[in-house]
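requesting a structural model of the entry that follows:
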Amino acid sequence: MSVAESIYDVAVLGAGAAGLFAASRAAERGRRVLLVEKNRRPGVKILMSGGTRCNITNARGLKDLSVVSGPIDPAFDPKEARGARGIMLAFGDKGRFLASSLRSLSVERTVALFEAEGVATKIEGNGKVFPVSDRAVDVLDALLRRLVRSGAELRTESPCGGVTTDPDGEGFLVRLPNGSIRARRVVVAVGGRSYPGSGTTGDGYEIARSFGHTIVDPRPALVPIRVEAEWVRELKGITISDAIARILPPSGPALAERREAVLFAHFGLTGPAVLDVSGVVARRDDPGTLSIGLDVLPGDRAEALDARLQADSRTGRRSVAGLLSQDLPKRLALALMRASGVPEDRIGPELGRDERRRLVSSIKALRLPIAGTLGFAKAEVTSGGVSLDEVDPDTLQSRLCPGLHFIGEVLDLDGRIGGYNFQAAWSTGWRCGEVV
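The predicted structure is shown next:
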């Protein structure tokens, strides 16, 4: 196919969450749109997300919970629903970049769009919004139905070989395996470098650099942390539903802190609390100088826990492991006793004051040396990417090259776990589709 025969209003590179929304919305507005995807099928990362359930968004971004047709976990407090601010807060100082996109596509509107496509949604206790079916494929099918209706053209197995300005006219030339195409506007939505097995290998960074853009060094984020202590590996499979994880330097205050679930694994630690603080580790060139601190009973103050353990140890001749197992999994209780230097067969009346205080310290402030992270291969998102200073937040258009747009994970924009990053992708994609 020759270049002259292939002129599009918009070429969207990448058929992931952001790209699908951008292509559909632009085509619905009457634009001639080509959506290209390097994989054999679109939306591979959507299918992998949330343990194949797809955490669509977070209810903390809602003001009106009635848009959700499925059950709402009673553990979710409606007072936590803060509207757009609830999403932006999850991105820290960079959250304000999303303001225009969230005004264009709010969380309410996102949920309503999926509900209108037959995807009933529900809210879990931590605010995560999932399809009632717990099937990511239902989410992707809904997006593809909308894409087909929009009239956008989809080409799979079509990796982009580069983008240049069109020397013979306005717009750009996009190199594809079957020849270049012309497009008046190009939307880069190829993602970052997380889960490279899904095709996200940083292709968008080279496109951005070719137009003079600054790339903030990409690092894995929302990634499990490696801990080499053998006894931690022996706890694999244990989940603490409520814990505090802290990233600690050799001295001084914590660099990051999060209260959520923690999961012990054969490599070390994962779970929402650990993933949320992992970005600090991934961005350090010397992660081995850091430790992860765990409080596995955050609902109890150290003094109260010490007093309770002292009182309980005086009642009968129960084992210390049995006393701790009232609040903790027994395997973890025994491991904490070993870490505290307390014999596993110690009974309550024989528990000395120093032993008791060491136990309380292990429960409230366990400190484990960090060996690193599992890297991009297991990272849920990428920290870093196209500098936000060089992108207009209202139009997602490059400040350096008119007609070139960046959306989704290719941007230097990453938030906490819990559906926030998907919402950023949906909203930036929709907003871009509204303006191209």
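
give me the residues contacting the worst-scoring helix or strand of the chain on mean pLDDT.
The weakest-scoring helix or strand in the chain, judged by mean pLDDT, DSSP states H and E, is helix 230-233 (a mean of 89). Residues outside helix 230-233 that contact it (Cβ atoms under 8 Å, 6 or more residues apart in numbering) are Phe264, Ala265, His266, Phe267, Gly268, Leu269, Ala335, Arg338, Ala339, Leu368. C-beta: built from backbone N, CA, C; applies to glycine.

and with 6 Å instead?
By Cβ atoms under 6 Å, 6 or more residues apart in numbering, the list of residues contacting helix 230-233 from outside reads His266, Ala335.

show me which positions of it end up buried.
By 16 or more other Cβ atoms under 10 Å, the buried positions in helix 230-233 come out as Val232.

so how far is that helix from its chain's centroid?
How far helix 230-233 lies from its chain's middle: 26 Å, per Cα atoms, centre = their mean, to the nearest Å.

which residue ranges form the helices in the protein?
17-28, 44-52, 84-88, 99-104, 107-116, 136-150, 203-210, 230-233, 272-282, 302-313, 320-324, 330-339, 353-365, 420-435 (DSSP state H).

between these, which gets nearest to Ser194?
Each of the helices of the chain has some distance to Ser194 by Cβ to Cβ; the shortest is helix 44-52, at 8.3 Å.

what's the angle between that closest one and helix 420-435?
In terms of direction (axes from the mean of the first three to the mean of the last three Cα atoms, to 10 degrees), helix 44-52 departs from helix 420-435 by 150 degrees.

can you tell me, leaving aside adjacent residues, what's nearest to the residue of the chain positioned farthest from its centre?
Distance to the chain centre peaks in the chain at Gly316, reaching 48.2 Å (criterion: Cα atoms, centre = their mean). Leaving out its chain neighbours, the residue that sits closest to Gly316 by Cβ to Cβ, 6 or more residues apart in numbering is Gly348, at 7.2 Å.

could you find the closest non-adjacent residue to Val107?
Gly61 (3.5 Å).

what's the answer for Ala333, then?
Spatial nearest neighbour of Ala333, chain neighbours left out: Leu324 (3.7 Å); criterion: Cβ to Cβ, 6+ apart.

quick one: that neighbour from Arg301, how far?
Using Cβ to Cβ, to the nearest Å, Leu324 is found at 17 Å from Arg301.

when these two are compared, which one has more neighbours?
Neighbour tally, Leu324 and Arg301, criterion other Cβ atoms under 10 Å: the higher count belongs to Leu324, 22 against 11.

against Arg338, how distant is the more buried one?
12 Å.

low-scoring stretches of this protein, by residue?
For the chain, residues meeting the criterion pLDDT under 70 lie at 1-6.

go with 50
1-4 (pLDDT under 50).

so which of the helices of the chain comes closest to Arg219?
Using Cβ to Cβ, the helices of the chain put helix 272-282 closest to Arg219, at 4.4 Å.

determine the set of other helices and strands touching the closest one.
Helices and strands touching helix 272-282, by 3 or more Cβ pairs under 6 Å, 6 or more residues apart in numbering; DSSP states H and E, are strand 215-221, strand 239-248, strand 256-265, strand 372-373.

redo the ones you listed as JSON lines? Include mean neighbour count and distance to Gly125.
Formatted as JSON lines, the entries for those read as follows, by neighbours: other Cβ atoms under 10 Å; distance: least, Cβ to Cβ, whole Å:
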{"stretch": "strand 215-221", "mean neighbour count": "21", "distance to Gly125": "24"}
{"stretch": "strand 239-248", "mean neighbour count": "20", "distance to Gly125": "9"}
{"stretch": "strand 256-265", "mean neighbour count": "20", "distance to Gly125": "10"}
{"stretch": "strand 372-373", "mean neighbour count": "22", "distance to Gly125": "27"}
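
among these, which comes closest to Trp426?
Closest to Trp426 of the helices and strands packed on helix 272-282 is strand 215-221 (Cβ to Cβ; 18.8 Å).
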